[in-house]
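Trainee: how would this look folded up:
(one chain, ligands or ions: 1)
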Amino acid sequence: MADSRRYFSEIMNTNTIPMETEEDDEEKARIYKDPMKRNLLDDFDKTMPLDVVSDERMSVFLRVRPFSGQEAEGDENQGCVVVQNNNMVKANAPKDSHTYKAQLYGLNKASHTFTFSKVFPESTTQKEFFDSTMLKLVQDFIEGQNCLVFTYGVTNSGKTYTIQGNPRNAGVLPRGLDVLFNSINGKQWPGMDLKPHMFCDVVKLSPEQEETERKLKERTLKLNSSEDHDVMTLLGDDASDQSVMNATGHSDSSTCADKKPGLHDSQESLIAEVENRVREETAIDVTVQGQIRFSVWVSFAEIYNEQIFDLLEPLPKKKNAKRPVLKLSDDRRGSPYIKGLKEINVTSADEAYKLLTIGQRNLKTACTRLNHCSSRSHCIFNIKVIRVPDKGNPRMARVSMLSLCDLAGSERHSKTHTTGDRLKEAGNINTSLLTLGRCIELLRYNQQHKEKEKIIPFRDSRLTRLFQNFFCGRGKAAMIVNVSQCASMFDETLNVFKFSAIAKQVVMPPKPVEKLAEPRQRKTKSSARASSICWDPSATPCE
Ligand SMILES: Nc1ncnc2c1ncn2[C@@H]1O[C@H](COP(=O)(O)OP(=O)(O)OP(=O)(O)O)[C@@H](O)[C@H]1O
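Mentor: You can find the predicted model right below:
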């Protein structure tokens, strides 16, 4: 407890640079100057029914990465991370670490033990990890629950491997997509006339709008590295030589090299990758839900330097052109969502996987252009399922969302990046992860001090605003903690352990009771959407 408090006071003092943006000003004006428009849900969130007894704690899973060949041969294997049993791990400070030196002065302990919902040793396969962590969440999601899964760990600890994996050894995201489509096979809603809207609403599209959606999907699926080629050609050879320094002061090129697009990437290689990937075969029985049809939509966003970008948006071809920045907005229930983020209807896991790969390639190219490494971004892949009663009124549809977030490396970049863009970047990563830490700490504090609750600073970063719903009863959250066993990263890894120890104590509040409302028709402002019908699906019973 004292340790975790010290950790938070310590990281509070790191060099962070909060960015004031136009959006922030608008936001403040909206919230503070116009009390009529103030989002009271924020105030209620801290008093939401936490007093209702709920024992469901946030699941926190630990995965230990095996040593790479190079690490195993070097001096990295010093028994720093020892798995004790299914739930417990011991962290032993190596002699060169700050932690070890601090314990000589009585400031710290050389060994710490941490418990988790489940600990996965280095021998765990991708399949075993998925079955024990995500499968149940995918089932909850298909049955209508909003779920968030996010990874936390230092750079190179295995976050992306765990979430995305590779075509031969898929991570939890492609496996989740496979399970979803294996389960709803033959039960899909025909057409694209029902589309998710805002956080979890649905709009009914006109035939013309449906056609527009179809063309948008076609265009997006055709996005490929021919555009990347143009970009790379424009940049010349310099682009592929760029490397970034990582937190340990070494060149990041080894981490980033495999993340940069090759000049030979093409639509053909993408098709081959999709066709040859190894698929997950599990299916969940959805017949218990009754006569339901399912419509699946996906989106892919990046938060970099506290700015949100659409990874399914083609990159501007001109060398100095900026990517469009997306804003956060609240729906009428106060649920934050990314305004203008493309949502694409998918009819198979392969289509969704293709979009995931296109988004990753976009990210890599953007990173190369902007001279930053993809591990400096938070990447959020959203899957939304609209569940429509088969023969009933489509107005009885409900939406649920599964959000998978690959967070930026949690090490303190400010230690090594002290100038210009790197400093701004480091500050922003620290700000969002620090805010996430503060939110989790205060969630836990409020649950233990109901008489003097504190306001949770969800609004202090884009990331925590997006996570807010899941932490406040409108969904479930699970955290995957990735650690490497390397002696050189021990101090940072210990901070990751301490962070997760706090997260594990957070109880997920029960879903707030929502009033039943009459389905309503609403005309949107935009003439393009003039015929859209929007209703509140979560307020109407499904069956
Ligand atoms: N469980 C594992 N088994 C085998 N290899 C792994 C495992 N976890 C990670 N790796 C390998 O370790 C390397 C680093 O993993 P990865 O890129 O997923 O780290 P990361 O935490 O996402 O890093 P960054 O924050 O820089 O994106 C990769 O080469 C990956 O293939």
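
Trainee: ok, and what's touching stretch 77-91?
Mentor: The contact list for stretch 77-91 (Cβ atoms under 8 Å, 6 or more residues apart in numbering) reads 62, 64, 67, 71, 92-95, 111-119, 121, 483, 485-487, 490, 493-494, 497. Every residue, glycine included, has its C-beta placed from N, CA and C.

Trainee: Swap in 7 Å and give it another go.
Mentor: Stretch 77-91 has contacts (Cβ atoms under 7 Å, 6 or more residues apart in numbering) with 62, 64, 67, 92, 94, 111-116, 118-119, 121, 483, 485, 487, 490, 493-494, 497.

Trainee: Enumerate the positions of that stretch that are buried.
Mentor: Judged by neighbour count (16 or more other Cβ atoms under 10 Å), stretch 77-91 contains these buried residues: Q78, C80, V81, V83, V89, A91.

Trainee: Extract the C-alpha trace of that stretch and format it as PDB.
Mentor: Provided in PDB are the C-alpha atoms of stretch 77-91 (Å, rounded to 0.1, in the frame of the first residue of the first chain):
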ATOM      1  CA  ASN A  77      18.500 -13.800 -17.200                       C
ATOM      2  CA  GLN A  78      18.900 -13.100 -13.400                       C
ATOM      3  CA  GLY A  79      15.800 -14.700 -12.000                       C
ATOM      4  CA  CYS A  80      14.000 -11.300 -11.800                       C
ATOM      5  CA  VAL A  81      10.500 -12.600 -12.400                       C
ATOM      6  CA  VAL A  82       9.600 -15.900 -10.800                       C
ATOM      7  CA  VAL A  83       6.100 -17.400 -11.200                       C
ATOM      8  CA  GLN A  84       5.200 -18.900  -7.800                       C
ATOM      9  CA  ASN A  85       1.800 -20.400  -8.800                       C
ATOM     10  CA  ASN A  86      -1.300 -19.700 -10.900                       C
ATOM     11  CA  ASN A  87      -1.900 -16.400  -9.100                       C
ATOM     12  CA  MET A  88       1.400 -15.300  -7.700                       C
ATOM     13  CA  VAL A  89       4.600 -13.900  -9.000                       C
ATOM     14  CA  LYS A  90       7.800 -12.800  -7.200                       C
ATOM     15  CA  ALA A  91       9.900  -9.900  -8.500                       C
END
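
Trainee: Please work out which residue of the stretch 251-400 of the chain is closest to the ligand.
Mentor: Residue nearest to the ligand within the stretch 251-400 of the chain (Cβ to the nearest ligand atom): S375, separated by 2.9 Å.

Trainee: And the residue in the stretch 1-150 of the chain that the ligand sits nearest to, how far from E281?
Mentor: Closest approach between the stretch 1-150 of the chain and the ligand, counting by Cβ to the nearest ligand atom: R65, at 4.1 Å. Distance, R65 to E281, using Cβ to Cβ, to the nearest Å: 26 Å.

Trainee: Compare those two (neighbour count), which wins?
Mentor: Taking other Cβ atoms under 10 Å, R65 and E281 do not tie; R65 has more neighbours (20 against 10).

Trainee: Surely that one is in contact with G158?
Mentor: Yes - the pair R65 / G158 is scored as a contact, 3.9 Å apart, by Cβ atoms under 7 Å.

Trainee: Near the ligand, which residues of the stretch 101-250 of the chain are found?
Mentor: Contact residues, the stretch 101-250 of the chain versus the ligand (Cβ under 6 Å from any ligand atom): G153, T155, N156, S157, G158, K159, T160, Y161.

Trainee: same deal with the stretch 301-450 of the chain?
Mentor: So far as Cβ under 6 Å from any ligand atom goes, the stretch 301-450 of the chain lies against the ligand at S375, G409.

Trainee: Which residue ranges of the stretch 301-450 of the chain form helices?
Mentor: Per DSSP state H, counting those that start in this stretch, the stretch 301-450 of the chain carries helices over the ranges 349-370, 420-448.

Trainee: how about these in JSON lines, adding mean pLDDT?
Mentor: Formatted as JSON lines, these follow (pLDDT from 0 to 100):
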{"stretch": "helix 349-370", "mean pLDDT": "84"}
{"stretch": "helix 420-448", "mean pLDDT": "76"}
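
Trainee: right, and those - which one's nearest N305?
Mentor: Minimum separation from N305 across the helices of the stretch 301-450 of the chain (Cβ to Cβ) falls at helix 420-448, 4.7 Å.

Trainee: In which helix or strand does A272 reside?
Mentor: Under the criterion of DSSP states H and E, A272 resides in helix 267-276.

Trainee: ditto for F129
Mentor: Secondary structure from DSSP H and E places F129 in helix 126-142.

Trainee: Now the element after that helix, going C-ward?
Mentor: Heading C-terminal from helix 126-142, the first helix or strand you meet, by DSSP H and E, is strand 147-152.

Trainee: That next one: partners in the sheet, and parallel or antiparallel?
Mentor: Paired neighbours of strand 147-152 in the sheet (DSSP bridges): strand 398-406 (parallel), strand 476-483 (parallel).

Trainee: Would you confirm that V496 contacts G158?
Mentor: No - the pair V496 / G158 is not scored as a contact, 11.8 Å apart, by Cβ under 7 Å.

Trainee: The two - which one has more neighbours?
Mentor: Set V496 next to G158 and count neighbours by other Cβ under 10 Å: V496 wins out with 23 against 20.

Trainee: Now do the contacts for the more buried one.
Mentor: Y152, G153, V154, S410, V481, V483.

Trainee: Filter these down to just the buried residues.
Mentor: The neighbour-count test (16+ other Cβ under 10 Å) marks Y152, G153, V154, S410, V481, V483 as buried among these.

Trainee: thought Y161 was touching A170?
Mentor: No - Y161 lies out of contact with A170 (Cβ under 7 Å); the separation is 10.3 Å.

Trainee: More neighbours: which of those two?
Mentor: Using other Cβ under 10 Å, the more surrounded residue of Y161 and A170 is A170, with 22 against 18.

Trainee: Out of the helices of the stretch 301-450 of the chain, flag the one nearest L402.
Mentor: Checking the helices of the stretch 301-450 of the chain against L402 by Cβ to Cβ gives helix 349-370 as the closest, at 11.3 Å.

Trainee: tell me the angle of that closest one relative to strand 398-406?
Mentor: Relative orientation of helix 349-370 and strand 398-406, computed by axes from the mean of the first three to the mean of the last three Cα atoms, to 10 degrees: 40 degrees.
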